[in-house]
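Enquirer: Show me the folded form of this:
(chains A and B)
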Amino acid sequence: MAASGNFALWAWLAPAVSFLLLSLIVPLRRSGKPAAWLSIVISAGALSAAVSAWRSAVPDMARRILWEWIPVEDGVLTSVGVLADADSTLMLILVALVSFLVQLYSLGYLSDEPPASLGRYYAYQSLFAFSMMGLVLAPNFVQLFICWELVGLCSYLLIGYWYTRPEAARAAVKAFWVTKAGDVGFLIGIVMLWSRTGTFDFSELFEMAQGGSEALTGLGLVMFCIYLGAAGKSAQFPFHVWLPDAMEGPTPVSALIHAATMVTAGVYLLFRTAFLFEQAPEVLAAVGWIGAFTALLAATLACVQRDIKRVLAYSTVSQLGYMMAAIGAGFAGAGFLHLLTHGVFKALLFLAAGAVIHAVGTNDIFAMGGLARRMPQTFTVFLIGTLSLAGIPFFAGFFSKEEILGATWEGGLTVPFAMLVVAAFLTAFYMFRVVFIAFLGAPAGSAASAGHGSAHGSHAPGHAHDAPAIMTLALWVLALLALVIGVGFAFSHPEAEFAAPGWLTPLAVGVAVGGIALATVVYALGWISSEWLFRRFALVGEAAMERFWLDDLFALVYRSGILGVARIVGWVDRYIVDGVLNVLSAWTLTLGDRLRRIQSGQAQDYVYGIALGVLLLMVWMRWPR
Amino acid sequence: MTLQAYLTLAAMLFCIGLFGVMTRRNTIGILLGIELMLNAVNINLVAFARFLGDVSGMVFTVFTICITVAEVALGLALVILIYRIRRTAVADHLDLLKG
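Expert: This is a model prediction of the structure:
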């Protein structure tokens, strides 16, 4: 019985149908709203198929539906299909759910867009849903890599959705370049792995790992190459620079691609191939250290941002660092659990931020203020998301975050554990900084908001109100889900892979409450001025304001490295390649000029020539040999 | 009379014609030289036809004579036209093909 696989297959192929319809039937795409509804209805169908796939999935038993794809002399090089088990179908639900809600929400968020653009947006959304589900269900590295690149393409297209804005176009190219840098490593890693084992298939590799195959020893370099791809996609240090810039895209896109699903593909990859990473403990340790460092670095960066979406973007980078740290500690399940809960509450936060941006027309939190009264529904769901992210008990993020902390402790990564605890403190701090400034603080004067008008026109903050029902519906679904998960875990949480020490829960809650308290003291009560606090941490603060000079470093490497090579290539092209051609053509010209002199135009000279030629031929014929 | 005698005569006639073609300044002189060369060829053809007993040589000669007539008529017409346009028939002055 392969019902689970069948449902998963339907869920995967449904968005492909809507993408093909939207991309091939031009009038449908240009019609805007009908195109949007088609895509939404199909993604709802995909969601129900995904739920069915998960319900019929049998634990510890993978359902596979495969088609042979690239036949070679002895068998099949690779196949294409779905690999449905309890984990992949759970991830499938997350993708389908967030995808469906975001598409629904976008209908309200992008209601001012021209119909043709809206149709284009939904075509991209459908392509993304198809690619992401293909990635989640991939039974082998080849399909995974293809879908991996496809989601990267969709990310590029959707970041650059407002392609007439130069920042958006630049951010799209930057995202594409930086992730591509990691993907090169990923591709090399896959090929190296294949040359050792002769297979791309996850199940076969798993059996080899179980059987302690010789081919899987000393995989360090291979797994590091594969990790590079995951680091690029999941915005790990130092590849995280693309994610904050990716916020130039529409906010629902940020929620779907750059918070809930695509950026977690790297974590999912590591979770999926954890049995391979276990063969290379040194790489796993590097994954853990880099993850924890990323979490801390991004958390400090988030503390100094003024742009609400950038705060959330750095927070996403930070949470991805958490997941990576757990995987690095050897407990991939904890990372995956956080991936799922994070997908729910971070999508919620982004969509709520989108509702705020839609209402006030600016991203600057200091230009908002006092939104809690005017947008009570948005405030409530944003608060739920914030509490989840901060790791407060009975909210979705609490349990998974604590499990990650426990995993790094159990995994023996003491320093990364400390980093993560500090990052947890900062997480609570910067999220409540946003809550206090944007939602609870004094309403910003009209002077403060002047000059911050964005693409959505100039709604004054004073007239802000809750988003239309179609948008708030998505918010409430996610908010309730975050609560249900949180409360559900509190009563019956999945069995942990390890025994966490007893002091962990008080510590996790303590740092979260501490961060909230500090934010309250600074931004709500005003006992400590934020300038004073900033001066106390001037060194870190200044560095964070400059994004730790990482973007400058990348620019420098780009200028001196790539542009330097380009200059050398340009010189070779100009002076050696072109030079040879120029010399040849100059010689041809001179030779032609000399040769034309023998064309005297005198008919009798030609007769001389012919006679002489005939004479020479006769002599040559008669020459004794 | 041997074949060699005829061939020698034809070769001498050919050379005289060639000399004329190469040295005459007047275009009509050049045409005359060409006639001599063609007739040298005719002598060759007839001589071979006679000594090999093959009539096709004779037939070829008749063809050659016909073509020669046409050629002379055309050549003289060209010379007259050139003279009308350029007021000269001296070969040295006709160098329009100079590269």
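Enquirer: From residue A:578, how far out is the closest residue to residue A:508 other than its chain neighbours?
Expert: Closest residue to residue A:508 apart from its sequence neighbours, by Cβ to Cβ, 6 or more residues apart in numbering or on different chains: residue A:402 at 4.6 Å. The way it works is simple: take the backbone N, C-alpha and C, and place the C-beta from them, glycine included. From residue A:402 across to residue A:578, the span is 65 Å (Cβ to Cβ, to the nearest Å).
Enquirer: In terms of helix, strand or coil, where does residue B:9 fall?
Expert: Secondary structure for residue B:9, judged by DSSP: H, G, I helix; E, B strand; the rest coil, is helix.
Enquirer: Buried residues in stretch A:126-146, which are they?
Expert: Buried residues in stretch A:126-146, counted by 16 or more other Cβ atoms under 10 Å in any protein chain shown: A:126-145.
Enquirer: list the buried ones in the host helix or strand of residue B:78?
Expert: Residue B:78 is part of helix B:56-86 when elements are defined by DSSP states H and E. Buried residues in helix B:56-86, counted by 16+ other Cβ under 10 Å: B:57, B:60-61, B:64, B:68, B:75, B:79, B:82.
Enquirer: What residues does chain B have near chain A?
Expert: B:18, B:21-23, B:30, B:91-92, B:94-99 (Cβ under 8 Å from any Cβ of the partner chain).
Enquirer: Which ones among those residues map onto helices?
Expert: The helices in this structure, assigned by DSSP state H, contain B:18, B:21-23, B:30 from the residues of chain B next to chain A.
Enquirer: Which among those count as buried?
Expert: B:18, B:21, B:30.
Enquirer: Surely residue B:54 touches residue B:46?
Expert: No - using Cβ atoms under 8 Å, residue B:54 makes no contact with residue B:46, being 11.1 Å away.
Enquirer: ok, those two, which is more surrounded?
Expert: residue B:46 (16 against 11; other Cβ atoms under 10 Å in any protein chain shown).
Enquirer: pretty sure that one is in contact with residue B:57, am I right?
Expert: Yes - proximity of residue B:46 to residue B:57 meets the contact threshold set by Cβ under 8 Å, at 6.3 Å.
Enquirer: Could you pull up the contacting residues of the closest residue to residue A:194 other than its chain neighbours?
Expert: Using Cβ to Cβ, 6+ apart and skipping residues adjacent in sequence, the residue nearest residue A:194 is residue A:200, 5.9 Å away. Contacts for residue A:200 were tallied using Cβ atoms under 8 Å, 6 or more residues apart in numbering or on different chains; they are A:77-78, A:140-142, A:190, A:193-194.
Enquirer: Next, give phi and psi for residue A:200.
Expert: Dihedral pair for residue A:200: phi -100, psi -10, per degrees, to the nearest 10.
Enquirer: Next, find the distance separating it from chain B.
Expert: Per Cβ to the nearest Cβ, to the nearest Å, residue A:200 is found 68 Å from chain B.
Enquirer: And for residue A:247?
Expert: 70 Å.
Enquirer: Now that residue. Nearest residue, chain neighbours left out?
Expert: residue A:309 (4.2 Å).
Enquirer: Test my guess that the one you found contacts residue A:254.
Expert: Yes - the pair residue A:309 / residue A:254 is scored as a contact, 6.2 Å apart, by Cβ under 8 Å.
Enquirer: which residues do those two both contact?
Expert: Joint contacts of residue A:309 and residue A:254 (Cβ under 8 Å, 6+ apart) are A:247, A:350.
Enquirer: which SS class is the closest residue to chain B within the stretch 51-200 of chain A?
Expert: Nearest residue of the stretch 51-200 of chain A to chain B, counting by Cβ to the nearest Cβ: residue A:173, 55.9 Å away. Per three-state DSSP, the local secondary structure of residue A:173 is helix.
Enquirer: Could you check how many residues crowd around it?
Expert: Residue A:173: 15 neighbours (other Cβ under 10 Å).
Enquirer: And residue A:351, by the same measure?
Expert: Residues near residue A:351, counting by other Cβ under 10 Å: 35.
Enquirer: gap between it and residue B:57?
Expert: From residue A:351 over to residue B:57 the distance is 105 Å, taken as Cβ to Cβ.
Enquirer: picking up where we left off before, nearest to residue A:393 among the residues of chain B next to chain A?
Expert: Closest approach between the residues of chain B next to chain A and residue A:393, by Cβ to Cβ: residue B:99, at 98.3 Å.
Enquirer: List the contacts of residue B:45.
Expert: B:57-58, B:60-61, B:64.
Enquirer: Is it in a helix, a strand, or coil?
Expert: Residue B:45 - assigned by three-state DSSP - is helix.
Enquirer: same deal with residue A:81?
Expert: strand.
Enquirer: Check residue A:501 too.
Expert: Per three-state DSSP, residue A:501 ends up coil.
Enquirer: which residues in the stretch 151-300 of chain A form helices?
Expert: A:166-197, A:202-210, A:220-233, A:242-245, A:251-255, A:265-272, A:274-277, A:281-302 (DSSP state H, counting those that start in this stretch).
Enquirer: what residues does the second one touch?
Expert: Translated: helix A:202-210. A:62, A:64, A:83, A:138-141, A:193, A:197, A:199, A:215-216, A:272-273, A:275-276, A:278-279.
Enquirer: All set, thanks.
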